[in-house]
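A.B. asks: here is the input, now give the coordinates:
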Amino acid sequence: MTRRIDATGFGDLKIIQDPDAFCYGVDAVLLAGFAADILSCGGKVPGRLMDIGTGNGIIPLILAHKTEIPELFGIDFQEHNIRLAGETAALNGLDGRMQFIHEDVAELLDGSEGEEDGPGGLCLKGTFDAVTSNPPYTKRQGGAVSLASAKALARHETTADLAMFLELAARLLREKGDLFLVHRPQRLVDLLTFGRQHRLEAKDLQLVSGHPGEKPNIVLVHMVKGGGAELHVLPQISVREADGQYTADLLRIYEREGGV
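C.D. replies: Numbering: from 1, shown residues only. Here you go, the predicted structure:
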C-alpha cells in the first residue's frame, strides 16, 4: 500500500490518496460544484449530507469548503478507502464535521439503516437533507464478479447496481430532500427511470464534454424526493479548452475565475 498527500485546489484542503487503489477524478469535482451551486441558488444549507460510494471522501471534502453543511457523511464498501477518508478529515481539522462509514449499499438495503443501532450507531433512514453519489460507471454483467484491484472495484458495479444506489438514496433522504448524481449519458434513461420508481424526480440536468464541440461523456443530475415533474436542462459545459487548459466553467468551480 502506498499513499501520498495531494493538494485539492480548494483552499488549503489536502487529501490522502493511494495511487494503487483509488484517486479521484474531475467527475467528483464537477459533482461537488454542481451540488454546491444548486443548493446555493435554492438558498438551502442542508443539515446532513450523505455521499454514497464516497471513495476517499473527496466529495464531502470539497463540499466542506464550498458550503456550510454542518454534518457530512460518506459510505463506501472498501475499508481502505474509508480509513484514508477518515485520515483526510483529521488532517484538515474536519473530523468533527465529517464521518465515514464502512458499509455496503446492498447490505444497507437489507439491514437496519432505519434503526438507532445502524452503521456507526446512526439512525440513517429519512434523516438526510441531501445525498450525493458518483456510482460505478461500468454496468454489472450476469454472474459472479471477479475483480482483482481496488481500482477495478471502484469502477464496476459489484454487489450493488445503479438501481440499488438510487433506492438507498431515496431511503436516506427526507421528503423534499435533494439528490445529486454524476454518471455517463448512456445511462441517463436508467437514472431517470430508477429515480422515478423511488419518487426521486429529476429537476436539473447538465451534460459535460471533455472539450468544446465534443460529444458529452458526463451527465450531472439533480433529483428531489417527492418533487414535481419539471426538468430544467442547463447549458452544456466542457472541462478543457482545445489547448488543454481548464475552461472558464472549471476555473469557476475551482474558484479561480481570473485563471490564476
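
A.B. asks: residue ranges with poor pLDDT in the stretch 1-150 of the chain?
C.D. replies: For the stretch 1-150 of the chain, applying pLDDT under 70 flags the ranges 1, 111-122, 138, 140-150.

A.B. asks: for it, just list every one of the strands.
C.D. replies: Using DSSP state E, counting those that start in this stretch, the strands of the stretch 1-150 of the chain run over 4-7, 14-17, 48-52, 71-76, 98-102, 128-133.

A.B. asks: turn those into TSV, including mean neighbour count and distance to L31.
C.D. replies: Where C-beta positions appear, they are placed from N, C-alpha and C, glycine not excepted. As requested, the strands of the stretch 1-150 of the chain are exported to TSV (neighbours: other Cβ atoms under 10 Å; distance: least, Cβ to Cβ, whole Å):
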stretch	mean neighbour count	distance to L31
strand 4-7	12	18
strand 14-17	20	15
strand 48-52	26	9
strand 71-76	24	13
strand 98-102	21	17
strand 128-133	25	6
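
A.B. asks: turn those strands into a markdown table, including distance to F180.
C.D. replies: Listed next are the strands of the stretch 1-150 of the chain as a markdown table, based on distance: least, Cβ to Cβ, whole Å:
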| stretch | distance to F180 |
| --- | --- |
| strand 4-7 | 23 |
| strand 14-17 | 20 |
| strand 48-52 | 9 |
| strand 71-76 | 13 |
| strand 98-102 | 17 |
| strand 128-133 | 5 |
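
A.B. asks: quick one: closest of those strands to L173.
C.D. replies: strand 128-133 (5.5 Å; Cβ to Cβ).

A.B. asks: what lies in contact with the closest one?
C.D. replies: Strand 128-133 has contacts (Cβ atoms under 8 Å, 6 or more residues apart in numbering) with 31-32, 35, 39, 44, 46-53, 59-60, 63, 69, 73, 165, 169, 172-174, 177-182.

A.B. asks: these two touch, right, I38 and H222?
C.D. replies: Yes: with contacts counted by Cβ atoms under 8 Å, I38 reaches H222, the gap being 5.4 Å.

A.B. asks: which one's more surrounded, the two?
C.D. replies: Using other Cβ atoms under 10 Å as the criterion, I38 and H222 rank with H222 on top: 25 against 20.

A.B. asks: so who does that one touch?
C.D. replies: Listed by Cβ under 8 Å, 6+ apart, the contact set of H222 reads 34-35, 38, 178-180, 202-205.

A.B. asks: out of those, who's nearest Q236?
C.D. replies: L205 (10.2 Å).

A.B. asks: quick one on the thing from earlier: buried ones among the contacts of strand 128-133?
C.D. replies: 31-32, 35, 39, 44, 46, 48-53, 59-60, 63, 69, 73, 165, 169, 172-174, 177-182 (16 or more other Cβ atoms under 10 Å).
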